[in-house]
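# Mind looking at a prediction? Sequence and model below.
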Amino acid sequence: MYSNWKFIPDDRVLLAPFTLLGMSVKLLAFGFRPAAFARIDFKEFRELCNWLGVQSLPLIGLSAIFIGLAMTLETVLEMNKYAAQDLSGAVIAQGLLRELGPLTVSLAWGARVASRFACEAAELPVDISEIDYAQTFFFPRWLAGVLMSIPLSLYGLVIGFATAAIFAPFLGVSSTNDFLETARTQIHQKGLIVYFIKLILINPSIAVFVGCACGRDTEIPAVYKAATACTHLFIAGYIANWFLTWSVYQP
């Protein structure tokens, strides 16, 4: 008997996430070893960086623009009701740094990454050893993902704030300078640290771990690997982002 998921037997539905978690632990144990650096194929690594970084710029740019537009529209229009529209920059700065940036733009990029790596892993020989898989497939992708997330996170942050600052005066904010000034008062070191931890370490790592683990799971047919990877990415991403925010900002 099979569940509504079609490809996972009924007795494995509840265990499937733990199976992927176990695979991720193996990737962590075998992949992060000094020998993994020596086994990097730098031609492939450059291609990975190009795809993860340069070729992801349209996704990051468009996502940041429209998230900035949507948040500015909702925030300024609501604050207009209380004649407090000039303070909207502070609210938007908090929202973009704490949650909206990481949970929208970053996880959208993560879905792109996880789905590709899951499909690539599905094409590898099934008899590849766990150590070889972790060191020659997983580790270079994790390293490229983390490195490329640094410029992408800066790019997305600048684009998002610039869009909000330019659009806000059309909705009633006195000026772009006033918007930026109120936003600046709410941009603190703690907020920036949380933002970059989420976008540079947590979300890229989850994307690569999930993609590589789903691709390695022989119980999942190849046609479902990308969808499964995206599903687990969003679940794990939401939980991890919430937990970090709660840990840092709890009263």
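All right, it came through fine.
# Output the host helix or strand of residue 210 as CSV, restricted to C-alpha atoms.
Assigned by DSSP states H and E, residue 210 belongs to helix 203-216. Extracted in CSV, the C-alpha atoms of helix 203-216 (Å, rounded to 0.1, in the frame of the first residue of the first chain):
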residue,chain,number,x,y,z
ASN,A,203,19.6,29.1,4.2
PRO,A,204,22.3,28.2,1.7
SER,A,205,23.4,25.3,4.0
ILE,A,206,19.9,24.0,4.3
ALA,A,207,19.4,24.2,0.5
VAL,A,208,22.5,22.3,-0.3
PHE,A,209,22.0,19.7,2.5
VAL,A,210,18.4,19.1,1.5
GLY,A,211,19.2,18.9,-2.2
CYS,A,212,22.0,16.5,-1.8
ALA,A,213,20.2,14.3,0.7
CYS,A,214,17.0,14.1,-1.4
GLY,A,215,19.1,13.2,-4.5
ARG,A,216,20.8,10.4,-2.6
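# So for it, mean pLDDT?
Across helix 203-216, the average pLDDT comes to 93.
# Please name every helix or strand in contact with that helix.
Applying 3 or more C-beta pairs under 8 Å, 6 or more residues apart in numbering; DSSP states H and E, one finds that helix 203-216 contacts helix 16-31, helix 107-122, helix 139-167, helix 222-249. C-beta coordinates here come from the backbone N, C-alpha and C atoms, glycine included.
# Return the set of buried residues in the third one.
Translated: helix 139-167. By neighbour count on 16 or more other C-beta atoms under 10 Å, the buried set for helix 139-167 is 139-145, 147-149, 152-153, 155-157, 159-161, 163-165, 167.
# How about the first one?
When neighbours are counted by 16+ other C-beta under 10 Å, the buried residues of helix 16-31 are found to be 16, 19, 20, 23, 24, 26, 27, 30, 31.
# who's in contact with it?
Outside helix 16-31, the residues that touch it by C-beta atoms under 8 Å, 6 or more residues apart in numbering are 8, 12, 130-131, 133-135, 138-139, 142, 209-210, 212-214, 216-217, 219, 232, 235.
# Which secondary structure element comes immediately after whichever helix or strand residue 59 is part of toward the C-terminus?
Assessed by DSSP H and E, residue 59 sits inside helix 57-80. With elements assigned by DSSP H and E, the helix or strand that comes after helix 57-80 is helix 88-95.
# Show residues contacting that next one.
With C-beta under 8 Å, 6+ apart as the criterion, helix 88-95 contacts 68, 71-72, 75-76, 79, 161, 164-165, 168, 173, 178-187, 191.
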